[in-house]
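Visitor: show me the folded form of this:
(one chain, ligands or ions: 1)
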Amino acid sequence: MPTPQLNWAVRVGNQLLAEQLAYDHRELQQMVGQDYPNLNEGQKRIYDEVLESMNGQRGDAYFVHSAGGCGKMHLFNLIAAGVHSAEKVVLCVASSGIASLLLSGGWTAHAQFKIPIQVHEDSTCNIKKEDQHHQLL
Ligand SMILES: Nc1ncnc2c1ncn2[C@@H]1O[C@H](COP(=O)(O)OP(=O)(O)OP(=O)(O)O)[C@@H](O)[C@H]1O
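Guide: Below you'll find the predicted structure:
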């Protein structure tokens, strides 16, 4: 097996952060420009609201609910594209591995936030200050 010749840790720094910022911003902008006009009114309202919140650094939380097949995942992926195209970080998570596959760059919440499997009243996410995850968050 060939061995790596470069110290990638030095070159890339935080690999998780580097991955987040390595998206093709122009391609994503094009995708948003193409797909945004096709969103329905409800999807557009949520998209605009979330992106405004991001731009204003408001730190809002939103709960999006609809019947199955009404376009939540489609909307979430377009929001993720909008955030990535602005060279910002977006962490897409779902509670199951199968659901996470539908999200662009999706992870399970347990893997992304290091949530313990057995959760107790005083459980905390297992992220240490020196972890790459810490810097990413
Ligand atoms: N605005 C839209 N333009 C084009 N296609 C769309 C739009 N909204 C949804 N779709 C398509 O409709 C289908 C269902 O959407 P989606 O999977 O996002 O729904 P969902 O609400 O997440 O469903 P579920 O709750 O069952 O997971 C997908 O094929 C998606 O690409």
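Visitor: list the buried ones in whatever helix or strand Gly42 lives in?
Guide: Under the criterion DSSP states H and E, the helix or strand holding Gly42 is helix 41-55. Within helix 41-55, the residues that count as buried by 16 or more other Cβ atoms under 10 Å are 43, 46-47, 50, 54. Every residue, glycine included, has its C-beta placed from N, CA and C.
Visitor: just stretch 91-111 next, same as before
Guide: Buried-residue list, stretch 91-111, by 16+ other Cβ under 10 Å: 91-94, 100, 103-104, 106, 108-110.
Visitor: which ones among the residues you listed lie within strands?
Guide: In strands, judged by DSSP state E, the following of the buried residues of stretch 91-111 are found: 93-94, 108.
Visitor: in TSV, list the residues you listed along with pLDDT and distance to the ligand.
Guide: Converted to TSV, those look like this (pLDDT from 0 to 100; distance: Cβ to the nearest ligand atom, whole Å):
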residue	pLDDT	distance to the ligand
Val93	96	15
Ala94	96	10
Thr108	96	16
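Visitor: mean confidence (pLDDT) on stretch 5-25, please.
Guide: Along stretch 5-25, the predicted local confidence has a mean pLDDT of 81.
Visitor: measure that stretch end to end?
Guide: End-to-end distance of stretch 5-25: 29 Å, with Cα to Cα, to the nearest Å as the criterion.
Visitor: the ligand contacts on this protein?
Guide: By the criterion of Cβ under 6 Å from any ligand atom, the positions of the chain lying close to the ligand are 38-40, 43, 66, 68-74.
Visitor: list buried residues within the residues you listed.
Guide: Listed as buried from the residues of the chain next to the ligand are 39, 43, 72-73; burial here means 16+ other Cβ under 10 Å.
Visitor: got a list of what the residue sitting nearest the centre point of the chain touches?
Guide: The C-alpha lying nearest the average C-alpha coordinate of the chain belongs to Leu91 (Cα atoms, centre = their mean; 2.3 Å). Residues in contact with Leu91 (Cβ atoms under 8 Å, 6 or more residues apart in numbering) are 20, 107, 112, 136-137.
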